[in-house]
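J.: Let's see this in three dimensions:
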Amino acid sequence: MLINGIPTETLSARDRGLAYGDGHFTTMLVREGKVLWWQDHLARLQHANARLGFGEHSWDLLADEAAQLASGQAQAVVKIMLTRGAGGRGYDGAGCDTPTRIISLAPYPEHYHDWQQTGINALVCQQYLGDSPMLAGLKTLGRLEQVMLKRELAARGGVEGIVLNSRGFLVEGVSANLFWRRGRTVFTPDLTRAGIDGIMRKRVMTMLKQMGIELRVVEAPLESLWQAEEVWLTNTLMGIVPVTSIGDMHYPSPVLIRRLQERLVIEV
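T.: Predicted coordinates for the structure are as follows:
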């Protein structure tokens, strides 16, 4: 782990990332010593920095530090967290002109390989995500909703869940974005009020466009999944994972999913 370029795990107790979740992050896949889709992750970090009003970073330095941790790794995970820094009075972050950068290395979750091939059964979560248009799309450090959803999955014996907002519309998985196909059209939830606009979500949307497949970004109820022929989840680490069933509803033919997986392998 590097904190502001120094090998350490010690962080100031006054850091606003700890005190208020005043920060954002991105989680990156490393393969053969290289961070995949670095430019996409960099764009995410820069966009969140601008939205949250953070001070400027040396992005070249950040890239060098991420590359340092990734070097020599056959397959791993590098995570970058940026906070507003230490200080400020209460919620007021005035005077925090030097953001904190935290970069860590972790093993790759090997079970994702099995998920990609065999698919997973997903639960419908009983808890809802609240609308938060101010932060929608951003991967902020405030992940307590996801922590509670993950606890729900553990209590119910599930590995992933489909999450709705408080108005009853589909948003995403607990830790992934959501897609489904009906006929010749693919759908994904509108994330303008809640949810994370994931790196892999954007790549899948681009691939669908290149393949000439219609994509609709929609506010849709849970019942939309009962009419679907394929359902899948995406994030940078898991890639594209088929959902084989949701409760008693089964999706046995991941035809488009396999085509997307093949294109993603070629792209990498």
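
J.: burial of the residue nearest to residue 183 when sequence neighbours are not counted, as a residue count?
T.: Using C-beta to C-beta, 6 or more residues apart in numbering and skipping residues adjacent in sequence, the residue nearest residue 183 is residue 229, 7.4 Å away. Using the backbone N, CA and C atoms, a C-beta is placed for each residue, glycine as well. Other residues near residue 229 come to 14 when the count uses other C-beta atoms under 10 Å.

J.: Any idea how far apart the tips of stretch 215-224 sit?
T.: Start to finish, the residues bounding stretch 215-224 are 15 Å apart (C-alpha to C-alpha, to the nearest Å).

J.: By neighbour count, which bits of it are buried? Give me those.
T.: Neighbour counts using 16 or more other C-beta atoms under 10 Å place 215, 220, 224 of stretch 215-224 among the buried residues.

J.: Report the distance from it to the chain centre.
T.: 19 Å (C-alpha atoms, centre = their mean, to the nearest Å).

J.: In contact with the residue of the chain positioned farthest from its centre, which residues?
T.: No residue in the chain has its C-alpha farther from the mean C-alpha position than residue 89, which lies at 30.9 Å (C-alpha atoms, centre = their mean). Residues touching residue 89, when contacts are defined by C-beta atoms under 8 Å, 6 or more residues apart in numbering, are absent altogether.

J.: Now do the phi/psi pair for it.
T.: Backbone torsions of residue 89, given as degrees, to the nearest 10, read phi -100, psi 110.

J.: Bridged to it, which residues?
T.: Beta-bridge partners for residue 89, by DSSP bridges, are residue 92.

J.: same question, residue 24
T.: Beta-bridge pairing for residue 24 (DSSP bridges): residue 82, residue 140.

J.: And it, how close does it get to residue 221?
T.: In this structure, residue 24 lies at 30 Å from residue 221, with C-beta to C-beta, to the nearest Å as the measure.

J.: Could you do residue 148 as well?
T.: Counting by C-beta to C-beta, the gap from residue 148 to residue 221 is 22 Å.

J.: Can you tell me the element residue 207 falls in?
T.: helix 199-210 (DSSP states H and E).

J.: got the buried residues for that helix?
T.: When neighbours are counted by 16+ other C-beta under 10 Å, the buried residues of helix 199-210 are found to be 199, 200, 201, 202, 203, 204, 205, 207, 208.

J.: Tabulate the CA atom coordinates of the helix or strand that residue 69 is a member of in PDB.
T.: Secondary structure assigned from DSSP H and E places residue 69 in helix 59-70. Taking Å, rounded to 0.1, in the frame of the first residue of the first chain, the C-alpha atoms of helix 59-70 are listed here in PDB:
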ATOM      1  CA  TRP A  59      -2.100  12.400 -12.500                       C
ATOM      2  CA  ASP A  60       1.200  11.300 -14.000                       C
ATOM      3  CA  LEU A  61       2.500  10.600 -10.500                       C
ATOM      4  CA  LEU A  62      -0.700   8.600  -9.700                       C
ATOM      5  CA  ALA A  63      -0.200   6.500 -12.900                       C
ATOM      6  CA  ASP A  64       3.400   5.800 -11.900                       C
ATOM      7  CA  GLU A  65       2.400   4.700  -8.400                       C
ATOM      8  CA  ALA A  66      -0.300   2.400  -9.800                       C
ATOM      9  CA  ALA A  67       2.100   1.000 -12.300                       C
ATOM     10  CA  GLN A  68       4.600   0.400  -9.500                       C
ATOM     11  CA  LEU A  69       2.200  -1.800  -7.500                       C
ATOM     12  CA  ALA A  70       1.000  -3.600 -10.700                       C
END
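
J.: Can you tell me the number of residues neighbouring residue 168?
T.: Using other C-beta under 10 Å, residue 168 has 12 neighbouring residues.
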